[in-house]
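> sequence isn't available, so here's the structure alone:
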């Protein structure tokens, strides 16, 4: 196993390279919910969708002393070294860790004990040869105006109050001081998904100004680490990127709920070409294996590294790891349910047991889809390249309505949308390595010739026929 930490990850033209200058195509996983709780990962509704609301619920059930114990034990169970070892075993090369400023800095600018969790993570990742991307998911005051940033009042007050702005700069200065010499840190992801929805039109200049000031503050301390900048509106609006903020930087976009086609990433490719900087897909997933396979082959086909979101959730089909629902969890999830402290604590302890990796189920179909690894089932519309005529013909195929499948529920036969190929038509499906075998899911499987050619399965029609999917088996 090569040592990834011989130098720092950095930008080189439109590529990211490691310390030896070798180009990187990053493949990572997000540690969502660990240091900043998100309600949907707990199977909670909108009434308890933010970290503050979840904390309030736990304390209301069991009191402040046991609530404090709960959160200490939760952090120890939800991501432990065993999780990091499993992430490395599955083939990921980095983790993106969402940070909540409330665990790192108080309103007076004093630094808090949450850095111990980051230090533990860096130590584990050094042991298991993974990089760590530090992501400020919840900035002081909140940068999104939604539940995901743990904002106190549901507004992006980071851009409304100079006090929050100063704290954010101070926090990044401290992060840079602590980790400037640590090559396990892949880079600094300055703000997660700033200014979505209507906010993107109200504070774009303030966002650019903050990015500039954060860059200057970090560079005064740390000249080496990569800096990443996300666009506004869930990291999808890149109109603010008109020039390069720093020569050692990359731009980050996120992709959910959209067709996995070139049109969905073309704006980011255009900015990459115009500014000459690397781009990175820093959050995506929450969908079916078919979508995950197709989207990740799209990114890799255009030289874009990626990070699948998230590593672990309760009772999920869409993450690499699914934790079982604890007994009587509905009593905790219902904000109107009254539960006595004793029974509530018993349920919460069941939750702590369930989120430890040993109790969880691996969703290998999601991991296989992300890496293009057999065994897996590939929909016919999951092809990455073919002739331009195919692209034109299958564009607007009527699939837009099925992409948003955040539950991961399998597609019905009708939703698989068989594709009609004429004699001589080809579709190409990249895979990590040669699989053990393959089969065309079609009413006329003998109408297709399938071969392994230079890292992909090539399907060629010998006559007009409809293809639903490919079922691919593992070697050996």
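Structure's in. What do you need? A quick note: this is a predicted structure, and the numbers were derived from the prediction, not measured.
> for residue 101, which non-adjacent residue is spatially closest?
Taking Cβ to Cβ, 6 or more residues apart in numbering, and ignoring the residues beside it in sequence, residue 101 has residue 140 as its nearest neighbour in space, at 4.9 Å. Heads up, the C-betas are built off the backbone N, CA and C, glycines and all.
> my bad, should have said residue 203
Using Cβ to Cβ, 6+ apart and skipping residues adjacent in sequence, the residue nearest residue 203 is residue 159, 4.2 Å away.
> that neighbour: neighbouring residues, count only.
25 (other Cβ atoms under 10 Å).
> so it sits against residue 208, correct?
No: with contact defined as Cβ atoms under 8 Å, residue 159 does not count as touching residue 208 (10.9 Å).
> any chance you could map the strands in the stretch 101-250 of the chain?
Taking DSSP state E, counting those that start in this stretch as the criterion, the stretch 101-250 of the chain carries its strands at 131-138, 185-189, 226-230, 249-255.
> so which of the ones you listed comes closest to residue 87?
Between residue 87 and the strands of the stretch 101-250 of the chain, the tightest spacing by Cβ to Cβ is seen for strand 131-138, at 11.1 Å.
> next secondary structure element downstream of the worst-scoring helix or strand of the chain on mean pLDDT?
Among the helices and strands of the chain, helix 388-394 carries the lowest confidence by mean pLDDT, DSSP states H and E, at a mean of 44. Heading C-terminal from helix 388-394, the first helix or strand you meet, by DSSP states H and E, is helix 413-416.
> how about whatever helix or strand comes next after that next one: buried residues?
Secondary structure here is assigned by DSSP H and E; on that basis, the next helix or strand after helix 413-416 toward the C-terminus is strand 419-421. Across strand 419-421, burial judged by 16 or more other Cβ atoms under 10 Å covers 419, 421.
> what's the end-to-end length of stretch 78-95?
Its first and final residues considered, stretch 78-95 spans 14 Å by Cα to Cα, to the nearest Å.
> what does that stretch contact?
For stretch 78-95, the surrounding residues in contact (Cβ atoms under 8 Å, 6 or more residues apart in numbering) are 4, 24, 26-31, 33-34, 121, 124-125, 127-133, 186, 307, 311-312, 320-321, 355-358, 362, 367, 371, 373.
> same thing with stretch 212-220?
When contacts are defined by Cβ under 8 Å, 6+ apart, stretch 212-220 is touched by residues 168, 169, 172, 173, 176, 188, 190, 225, 227, 245, 246, 249.
> with stretch 353-363 instead?
Counting by Cβ under 8 Å, 6+ apart, 74, 77-78, 80, 82-83, 86, 312, 314, 316-326 sit against stretch 353-363.
> tell me the contacts of residue 430?
297, 300, 301, 372, 384, 455, 456.
> apply 6 Å and report the result again.
By Cβ atoms under 6 Å, 6 or more residues apart in numbering, the residues touching residue 430 are 297, 372, 384, 455, 456.
> surely residue 321 is in contact with residue 312?
Yes: in this structure residue 321 lies within contact range of residue 312 using Cβ atoms under 6 Å: 4.2 Å.
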